[in-house]
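Enquirer: have a look at this fold, sequence not included:
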């Protein structure tokens, strides 16, 4: 027992040194990147002003002064700046990839490299697991104050399904991260290196009664493919919140567009539209609408996916390029410049 205790002490000491190195290297590494949100209708929000990793990933995520992924954003917007805000889920947040390799950052670079007569800033106000209702609340309470010129709503096939809210005293973040990992650098390292370690650890802690609050309270649930494809039962409520997003945005003098990212089953099945009901809805209500399904089929299809839903870095580059083309044709004609990019 003494030998085991000494071995664990040495291991913990080594991990503390590694932890210290990471803190010096990335400013601030913490075990919890998100927290329960005080915004009405929003489950989780990111903790502002930190750099950290998320469970089962070693990519350092930078959270800015406003609690969004990416560089800091100044609320005051100079006249020369064209500000684009992206409201999305795990596709736009893309925690597994470096910030420079995801489509919001690529879009900002592409637009600034073109000759559009403006400076461009893209605010990535996305977070994994968000549905359209949460994105509407983020728009109303956080994004509109930034005076965006354009709001892009990134839609995925599961956005019409509302997830239950966590308890207000939940100790688990949106990614399953728990604050009790802060007491041990060894456990944090094991969590980062061993897939599923956090779940085992939480189960053991709960079993032996050391922490009654260690159980998973994120309250996510499995959503089957049949439920995802069956939009009709949710359509009245979903279409109403989509219209609210349009009306909130346009009432503040900004443009709005819907961006639909397909999942791999739609690419495999060669469907004509990702969400036919949404296609007709946007046409009827005059909402600029970019469905990437045909693009994904033409540009390699399954080769653009990292898994069944999320695009890989090449997929992100394709998405950014297509968004640039779309907004150049629909929104940038008043900017005073002419694109040099084709």
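Expert: Received it, and whenever you're ready, just let me know what you need. What you are looking at is a predicted structure, and each value in this text was computed from that prediction instead of being measured.
Enquirer: show me how this structure divides into domains.
Expert: 2-30+177-208, 74-161+222-330 (automatic domain parsing).
Enquirer: most packed of the ones you listed?
Expert: The highest mean neighbour count among those, using mean count of other CB atoms under 10 Å, belongs to domain 74-161+222-330: a mean of 18. For every residue, glycine as well, the C-beta is placed using N, CA and C.
Enquirer: my guess is residue 64 contacts residue 50, does it?
Expert: No: contact between residue 64 and residue 50 fails when scored by CB atoms under 8 Å: they sit 9.6 Å apart.
Enquirer: for this protein, give me the ranges with low pLDDT.
Expert: Residues of the chain that meet the criterion pLDDT under 70 lie in 18-31, 56, 178-183, 198-199, 202, 205-206, 208-225, 266-272, 299-301, 333-342.
Enquirer: what do you get if the cut-off is 80, keeping everything else the same?
Expert: Where the chain drops to pLDDT under 80, the residues are 12, 15-32, 52-58, 167-172, 176-193, 195-229, 264-274, 297-302, 333-342.
Enquirer: can you give me the strands in it?
Expert: Ranges of strands within the chain are 34-36, 44-46, 50-52, 61-63, 81-87, 119-124, 150-155, 255-260, 289-291, based on DSSP state E.
Enquirer: let's have those strands in JSON lines, adding distance to residue 95.
Expert: Formatted as JSON lines, the strands of the chain follow (distance: least, CB to CB, whole Å):
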{"stretch": "strand 34-36", "distance to residue 95": "11"}
{"stretch": "strand 44-46", "distance to residue 95": "11"}
{"stretch": "strand 50-52", "distance to residue 95": "10"}
{"stretch": "strand 61-63", "distance to residue 95": "6"}
{"stretch": "strand 81-87", "distance to residue 95": "15"}
{"stretch": "strand 119-124", "distance to residue 95": "12"}
{"stretch": "strand 150-155", "distance to residue 95": "15"}
{"stretch": "strand 255-260", "distance to residue 95": "19"}
{"stretch": "strand 289-291", "distance to residue 95": "23"}
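Enquirer: nearest to residue 298, of those?
Expert: For those, distance to residue 298 was read as CB to CB. The smallest value, 12.6 Å, belongs to strand 289-291.
Enquirer: what distance separates the closest one from the middle of the whole chain?
Expert: Its chain's C-alpha centre lies 19 Å from the corresponding centre of strand 289-291 when counted by CA atoms, centre = their mean, to the nearest Å.
Enquirer: returning to that earlier point: please identify which of the strands of the chain is closest to residue 234.
Expert: With CB to CB as the yardstick, what comes closest out of the strands of the chain is strand 150-155 (13.0 Å).
Enquirer: in its sheet, what does that closest one sit against?
Expert: strand 81-87 (parallel), strand 255-260 (parallel) (DSSP bridges).
Enquirer: could you dump those into CSV and include distance to residue 35?
Expert: Output for the strands paired with strand 150-155, formatted as CSV (distance: least, CB to CB, whole Å):
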stretch, distance to residue 35
strand 81-87, 19
strand 255-260, 27
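Enquirer: between those, which one is nearest to residue 8?
Expert: Set against residue 8 and scored by CB to CB, the strands paired with strand 150-155 come closest in strand 81-87, at 44.7 Å.
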